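A.B. asks: Got a predicted model here, sequence first, then my questions.
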Amino acid sequence: MKAWHFTADKLRDGRPIPPVGEVLRHDGPVEICVTGLHASERIFDALTYAPGHVIHRVECGDIVQAQDDKFVCRERTILWSVDGEDVLRAFARRVALDVIHLWDAPDVVRKYLETGDEKLRDAARDAAWAAASAAASAAARDAASAAARDAAWAADSTAAWDAAWDKYNGWLTEMVEAAR
């Protein structure tokens, strides 16, 4: 099965990352979240477990256990890899721009998200934190907003979450494949 896997400079167990095409095998017991070779069918799921920004497209065999967002197997082969640092930053900016209409973003935040200009990054972060802090303080004083938020989550949050997850998974997949 083709899947996605993220690493830092080494595997979590300290071994070097195998070269493209070399089959990595796990001997011994296999238990999801404990031992074995893990991966996810969807890149956005794999991102939630990413210890680093190196993105691998992998082929997995002898799958032992699976959950909704990951599985564990005995064999994993890297098909290709991408240093995803720039791609992941661009993806994060794209996702933030997708929801920027939900708040009154300071101009420097919008400009950074649109351009990726690193000279604006610190100022954008500071402005976003200040705006978020002010919004959090106001929301804490407003019990009605908490009730509205709870009602919105209860009303069809699963469908909305799934749609957003699918959209962002598609975006990230396209961006990583383009960077390849």
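C.D. replies: Perfect, thanks for sending it.
A.B. asks: any idea where the helices of this structure begin and end?
C.D. replies: Applying DSSP state H to the chain gives helices spanning 43-47, 85-98, 107-115, 121-141, 143-154, 157-179.
A.B. asks: out of those helices, nearest to L79?
C.D. replies: Evaluated over the helices of the chain, closeness to L79 peaks at helix 157-179, with 11.7 Å, by CB to CB. Where you see a C-beta, it was placed from the backbone N, CA and C, and this is true even at glycine.
A.B. asks: Could you pull up the mean pLDDT of the closest one?
C.D. replies: Across helix 157-179, pLDDT averages out at 88.
A.B. asks: what's the angle from that helix to helix 85-98?
C.D. replies: 140 degrees (axes from the mean of the first three to the mean of the last three CA atoms, to 10 degrees).
A.B. asks: gap between the nearest residue to P106 once chain neighbours are set aside and L102?
C.D. replies: Nearest residue to P106 in three dimensions, chain neighbours excluded: A127, at 4.0 Å (CB to CB, 6 or more residues apart in numbering). Using CB to CB, to the nearest Å, A127 is found at 16 Å from L102.
A.B. asks: So which of those two has more stuff around it?
C.D. replies: A127 (18 against 7; other CB atoms under 10 Å).
A.B. asks: tell me the contacts of the more buried one?
C.D. replies: P106, V108, V109 (CB atoms under 8 Å, 6 or more residues apart in numbering).
A.B. asks: how near is P51 to F6?
C.D. replies: Taking CB to CB, one finds P51 at 7 Å from F6.
A.B. asks: So between the two, which is more surrounded?
C.D. replies: Each of P51 and F6 has its neighbours counted (other CB under 10 Å); F6 has more, 20 against 12.
A.B. asks: What's the separation between the residue lying closest to that one once chain neighbours are set aside and D126?
C.D. replies: Excluding the flanking residues, the one nearest F6 by CB to CB, 6+ apart is A50, at 3.5 Å. Distance, A50 to D126, by CB to CB: 26 Å.
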